[in-house]
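*Asks:* Curious how this folds, go ahead:
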Amino acid sequence: MSRLSPAWTFDTGELALGRGTAAGGSKAGFVATPIVVDGVLYVSTPSSRVFALDAETGRRRWVFDPQEGRAPRLFNSHRGVAYWEGPAAAGKGRDRRIFTGTIDARLFALDARTGKPVTGFGSGGSVDLRAGMADGAPREAEWGARVTSPPAVWRDLVITGWGLPESPGLGPSGDVRAFDARSGRQVWRFHTVPRPGEPGHETWEGDSWRDRGGTNVWSMMSVDVERGLVFLPVGSPTYDFWGGDRKGQNLFGNALVALDAATGRRVWHFQTVHHDLWDYDLPAQPVLVTLKRDGRDVPAVVQVAKTGFVFVLDRLTGQPLFPVEERPVPASDVPGDAAWATQPFPVKPAPLARLTMTREEVSRVTPEAHEACLALFDGLVTRGPFTPSGLARTLNFPGTLGGANWGGASFDPTSGRLYVSVNEEGSIGQMRPTAPGAPMPYFRAGGTKAEGEYPRFRGPNGWPCQQPPWGTLNAVDLGTGDRAWRVPLGEVEALSRRGVSKTGTQGLGGSIVTAGGLVFIGATVDKRFRAFDAATGEELWSYAVPANAHATPATYEGRSGRQYVVIAAGGGGLLRELSDDLSDTLIAFGLH
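*Replies:* Presented below is the predicted three-dimensional model:
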């Protein structure tokens, strides 16, 4: 690993545009994963700009700015772009396009060579995704209807979901749509909340399906190109924490859905959470793998989840390849709501994250942490996995940040192992009555006004209040369903200096695994980029980056044959309160 060193860096300039300010993008992280095509690297930024760089030198080729001239500028986390190519309309050469969504919900087709919008696509190069989906919704809302992940591409179709507000219960539609890659014409639309006469409609009591918000695909989809299947990780219906106005199982919320990519017809679905009251939406791209079963190859799809569960399903039928049990879970004590009586628990693989918490498991990393965390724990109610936020302050494990999150998982087809980073942190919630005439009768709060809606189970120094590890990297053998290894991911330097090591840290971001047997990952809040031995979990290398790398890296071979690994290290995002460092840096490491 001594042969790996920085080859180039590139600064996107987003901080100078206002990212990181209260008026701009205080919540926005630089979390994009670049793609590399024919020696050109394409990457997106929190203000929806797209850069094309020379993949070997980092030199800028072009930049596209969909907010040029806008003030103030809007920011949101953005995870990347997609590439499409086909025969040119004139019959000579190839038509190469970059597809990207924006914070104000436009889908752009860009000429991959120049970065200019392709005028024949939609209206002047873009399609307004709000039309027919979010009519009347405020266009300038930073956290309104928006695109935060790259679309999926199958043949001449561009398939996209989008991010939506998480409250109130009613709002813009979360339907997934496919557009013609050349013209921008809508080809099909899949109703993520089934309408009357459609399968799954019966899982919504009364008219609760109508104008239902959420139930959207804000994360990344996967495509089985040969079989023409697109896999949708669908998020939770709104409102996330109270479902009294949407009683029932609530399909296709929190479900992995397989569609015929050509038509948008549902082929199968598998729901991972019934009637979600925990914000346990499916956050990660499904992983397409091939497994051995009884001597034959079985196409499978693997879905990791905020719950800490790993669902391994037959890719063609949606049937679990390891048993999944429906187990009783706690009821809700909030008037008007009705939690679903059971939830699905995979028998294998075992949960990758903590599901329960006892007083004996309160952190003891320092006497001060133990005292503060013990006092916090004693004021909370917990009744095991899937305890709904109640009228008293309630502790949930995993919390709203997972378990697994958008970083997802990587897979080594040679060893059959899946690599997953896990955030080990609980959430605190309490359902409080709202004022008369409010859109919902109850709203989740942390217990004090200062805590807001999403408080974490932390001590005053920001460390989680349960015993470490607080973040882990896991290897799962998908042939047996057993965990091959688990290691702490990240380091708290203040504790290491006091002799408390291997705690791991909170983190958001994914891994990649190479054919050479290395697992690369950033994710942690200690501003490090690391490499691990894929066989043993031994940490082999780390590098201090300018800010927390809450992104998933990419690897590619340059024109010279040199191998590169590139990571966005921007800090900010949903763990911004744990580190003040922000950066616009994309850094590429090269083997020499």
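
*Asks:* Tell me which helix or strand comes right after the helix or strand hosting E85.
*Replies:* With elements delineated by DSSP states H and E, E85 resides in strand 82-87, which encompasses its position. Sequence-wise, the next helix or strand downstream of strand 82-87 (DSSP H and E) is strand 94-101.

*Asks:* Paired strands for that next one, with orientation please.
*Replies:* Pairing partners of strand 94-101, with direction, according to DSSP bridges: strand 82-87 (antiparallel), strand 106-111 (antiparallel).

*Asks:* ok so, going back, can you give me the buried ones in the strand holding E85?
*Replies:* Neighbour counts using 16 or more other C-beta atoms under 10 Å place 82-84 of strand 82-87 among the buried residues. In short, each C-beta sits where N, CA and C put it, glycine included.

*Asks:* And the contacts of that strand?
*Replies:* Strand 82-87 is touched from outside by 35, 37, 42, 94-100, 112, 150-153, 156, 158, 181-182, with contacts defined as C-beta atoms under 8 Å, 6 or more residues apart in numbering.

*Asks:* Skipping adjacent residues, who's closest to E14 in space?
*Replies:* Ranked by C-beta to C-beta, 6 or more residues apart in numbering and with sequence neighbours excluded, the top spatial neighbour of E14 is D584, at 4.8 Å.

*Asks:* Could you list every helix and strand in contact with the helix or strand encompassing the one you found?
*Replies:* Using DSSP H and E, the element containing D584 is strand 582-591. For strand 582-591, the elements it packs on are strand 4-11, helix 14-17, strand 563-571, judged by 3 or more C-beta pairs under 8 Å, 6 or more residues apart in numbering; DSSP states H and E.

*Asks:* What is the second one packed up against?
*Replies:* Helices and strands touching helix 14-17, by 3+ C-beta pairs under 8 Å, 6+ apart, are strand 582-591.

*Asks:* and the gap between the most centrally placed residue in the chain and D180?
*Replies:* By C-alpha atoms, centre = their mean, the chain has its centre lying nearest to W406, at 2.1 Å. Computed as C-beta to C-beta, to the nearest Å, the W406 to D180 distance reads 28 Å.

*Asks:* picking that back up, contact partners for the residue nearest to E14?
*Replies:* Taking C-beta under 8 Å, 6+ apart, one finds 11-15, 19, 30, 45, 570 in contact with D584.

*Asks:* could you list every residue that touches the closest residue to V302 other than its chain neighbours?
*Replies:* Counting by C-beta to C-beta, 6+ apart, V302 lies nearest to V287, which is 4.3 Å off, once chain neighbours are set aside. If a contact means C-beta under 8 Å, 6+ apart, then V287 has 222, 301-304, 408-411, 418 as its contacts.

*Asks:* What's the end-to-end length of stretch 89-105?
*Replies:* 27 Å (C-alpha to C-alpha, to the nearest Å).

*Asks:* Next: stretch 346-355.
*Replies:* Across its full length, stretch 346-355 reaches 13 Å between end residues, using C-alpha to C-alpha.

*Asks:* buried sites along that stretch?
*Replies:* Of the residues in stretch 346-355, those buried under the neighbour-count criterion (16+ other C-beta under 10 Å) are 346, 348-349, 351-355.

*Asks:* Identify the farthest-apart pair in the residues you listed.
*Replies:* K348 and R354 (17.9 Å; C-beta to C-beta).

*Asks:* Provide the strand pairings for the helix or strand of the chain with the lowest mean pLDDT, with the direction of each partner.
*Replies:* Within the chain, confidence by mean pLDDT, DSSP states H and E is lowest for strand 442-445 among all helices and strands, at a mean of 90. Based on DSSP bridges, the pairing partners of strand 442-445 within the sheet are strand 427-433 (antiparallel).

*Asks:* circling back: could I get the buried residues of strand 82-87 as TSV with pLDDT and distance to T238?
*Replies:* Putting the buried residues of strand 82-87 into TSV (pLDDT from 0 to 100; distance: C-beta to C-beta, whole Å) gives the following:
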residue	pLDDT	distance to T238
A82	98	27
Y83	98	32
W84	98	32
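
*Asks:* right, and out of those residues, which lies closest to A262?
*Replies:* Using C-beta to C-beta, W84 is the member of the buried residues of strand 82-87 that lies nearest A262, at 15.7 Å.

*Asks:* Buried ones among the contacts of D584?
*Replies:* Burial by neighbour count, 16+ other C-beta under 10 Å: within the contacts of D584 this picks out 12, 14-15, 19, 30, 45, 570.

*Asks:* okay, those in a markdown table with pLDDT and distance to A105 next?
*Replies:* What follows is those, written out as a markdown table (pLDDT from 0 to 100; distance: C-beta to C-beta, whole Å):
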| residue | pLDDT | distance to A105 |
| --- | --- | --- |
| T12 | 97 | 22 |
| E14 | 95 | 20 |
| L15 | 94 | 24 |
| R19 | 90 | 19 |
| F30 | 95 | 21 |
| T45 | 97 | 17 |
| G570 | 94 | 23 |
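
*Asks:* if we can go back for a sec, now tell me what touches the least confident helix or strand of the chain from outside.
*Replies:* Where contact means C-beta under 8 Å, 6+ apart, the residues beyond strand 442-445 that reach it are 167, 239-242, 244, 334-337, 389, 429-434, 451-453.

*Asks:* Mind doing that once more with 10 Å?
*Replies:* The set of residues external to strand 442-445 that reach it, using C-beta atoms under 10 Å, 6 or more residues apart in numbering, is 167-168, 239-242, 244, 277, 279, 334-337, 389, 391, 393-394, 400, 427-435, 451-455.

*Asks:* Next, the angle from the longest helix anywhere in the chain to strand 427-433.
*Replies:* Among the elements of type helix in the chain, defined by DSSP state H, the one spanning the most residues is helix 367-378. Calculated by axes from the mean of the first three to the mean of the last three C-alpha atoms, to 10 degrees, helix 367-378 forms an angle of 40 degrees with strand 427-433.

*Asks:* Residue numbering should commence at 708 henceforth.
*Replies:* Happy to do that; since the first residue is 708 now, the last one works out to helix 1074-1085.

*Asks:* I'd like the mean pLDDT over helix 1074-1085, please.
*Replies:* The average pLDDT for helix 1074-1085 rounds to 97.

*Asks:* How far away from the center of its chain is the helix or strand that it is followed by?
*Replies:* Using DSSP H and E, the helix or strand that follows helix 1074-1085 towards the C-terminus is strand 1101-1103. With C-alpha atoms, centre = their mean, to the nearest Å as the basis, the distance from the averaged C-alpha position of strand 1101-1103 to the chain average is 22 Å.

*Asks:* what about this protein, any weak spots by pLDDT?
*Replies:* Applying pLDDT under 70 to the chain flags residues 708-709, 729-733, 844-850, 1153-1160.

*Asks:* List the buried residues of the longest helix of the chain.
*Replies:* So, applying 16+ other C-beta under 10 Å, buried residues of helix 1074-1085: 1076-1077, 1079-1080, 1083-1084.

*Asks:* could I have that helix exported to CSV, CA atoms only?
*Replies:* Included here for helix 1074-1085 are C-alpha records, laid out as CSV according to Å, rounded to 0.1, in the frame of the first residue of the first chain:
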residue,chain,number,x,y,z
PRO,A,1074,-16.6,8.3,33.6
GLU,A,1075,-18.1,11.5,32.4
ALA,A,1076,-19.6,9.9,29.3
HIS,A,1077,-21.0,7.1,31.4
GLU,A,1078,-22.7,9.5,33.9
ALA,A,1079,-24.3,11.6,31.2
CYS,A,1080,-25.4,8.7,29.0
LEU,A,1081,-26.8,6.8,32.0
ALA,A,1082,-28.9,9.8,32.9
LEU,A,1083,-30.1,10.1,29.3
PHE,A,1084,-30.9,6.4,29.0
ASP,A,1085,-32.9,6.4,32.3
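
*Asks:* Any figure for the gap between the closest residue to E905 other than its chain neighbours and V930?
*Replies:* By the measure of C-beta to C-beta, 6+ apart, the closest residue to E905 outside its immediate chain neighbours is H898, 6.4 Å from it. Here H898 is placed at a distance of 20 Å from V930 (C-beta to C-beta).
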